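Visitor: take this sequence and fold it.
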Amino acid sequence: MGKSAVVFDLDGTLLNTLDDLAASTNHSLAAYNLPPRSTDEVRRFVGNGIRNLIRLAVPEGSDESLVEEVHAVFDAHYSAHNLDATQPYDGVPEVVEHLRAAHIPCCVVSNKGDYAVQPLVRHFFGGLFSVACGERERDGIRRKPWPDTVLACLDAVGCTPEASVYVGDSEVDLQTARNAGMPCVAVTWGFRDEQLLIDNGAHVLAHTPAELEAALFAMVR
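Guide: Numbers count the residues shown, from 1 in each chain. As a prediction, the model looks like this:
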């Protein structure tokens, strides 16, 4: 077996970003006199990248040109406001600290724009993560559920997918782990309901950070 690492999703797994995502979504919609979306709607829309969030948030049947324009307003607003309400989930940073103390490399892979992933990870986690990778499709790097970003992070830390573990909170994360050939721990405190995770093939669930930590140490050792 190769060397083990733990790859974490960001939104809904490490950080509760929902209020800031909803605020930037509604700011960008208001700029074009479009109706707002509820926080619960935004919760259901996130997971497949910001462009997909905007495509779902604008009225059904909107032109792609409008999606592009609203997306640009979102990026500008979110760049300036992604720390307004965002916080780590209680107990989660300690899980990462304990993994690093055990010399287990940790990575972040997100479908959030890389422009936001890098400062958020630095702000809340300092140097705990060896690698962090956000969405960069314009550079030709496919977003999750394609395994590209996950495999690139594992390669950067010299670890193999079959010996490593993926942690996420959504059906996109479960599919990503399968595509990368990795086991997955699905956390239930994020943006999806537990039954949806089970329906999408979750076999290992963590309801608390303590359960997550126990599952991870059992799987990477």
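Visitor: list the residues that contact Ala23.
Guide: His77, His81, Asp84, Ala85 (Cβ atoms under 8 Å, 6 or more residues apart in numbering). Yep, even glycine has a C-beta here, placed from its N, CA and C like the rest.
Visitor: now, of those, which are buried?
Guide: Using 16 or more other Cβ atoms under 10 Å as the burial test, the contacts of Ala23 include His77 as buried.
Visitor: which ones among the contacts of Ala23 lie within strands?
Guide: With strands defined by DSSP state E, no entry of the contacts of Ala23 lies inside them.
Visitor: show me where the protein has its helices.
Guide: Secondary structure of the chain by DSSP state H: the helices cover 18-30, 39-45, 50-57, 64-81, 92-101, 114-125, 148-156, 171-180, 194-199, 209-220.
Visitor: quick one: closest of the ones you listed to Ser4.
Guide: Closest approach to Ser4 among those (Cβ to Cβ): helix 209-220, 3.9 Å.
Visitor: output the contacting helices and strands for the closest one.
Guide: helix 92-101, strand 165-168, strand 184-187, strand 204-206 (3 or more Cβ pairs under 8 Å, 6 or more residues apart in numbering; DSSP states H and E).
Visitor: distance to Arg138 and mean pLDDT for the helices of the chain - can I get that in CSV?
Guide: CSV is the format used below for those (distance: least, Cβ to Cβ, whole Å; pLDDT from 0 to 100):
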stretch, distance to Arg138, mean pLDDT
helix 18-30, 19, 98
helix 39-45, 21, 97
helix 50-57, 10, 96
helix 64-81, 12, 97
helix 92-101, 29, 98
helix 114-125, 10, 96
helix 148-156, 14, 95
helix 171-180, 19, 98
helix 194-199, 30, 98
helix 209-220, 33, 97
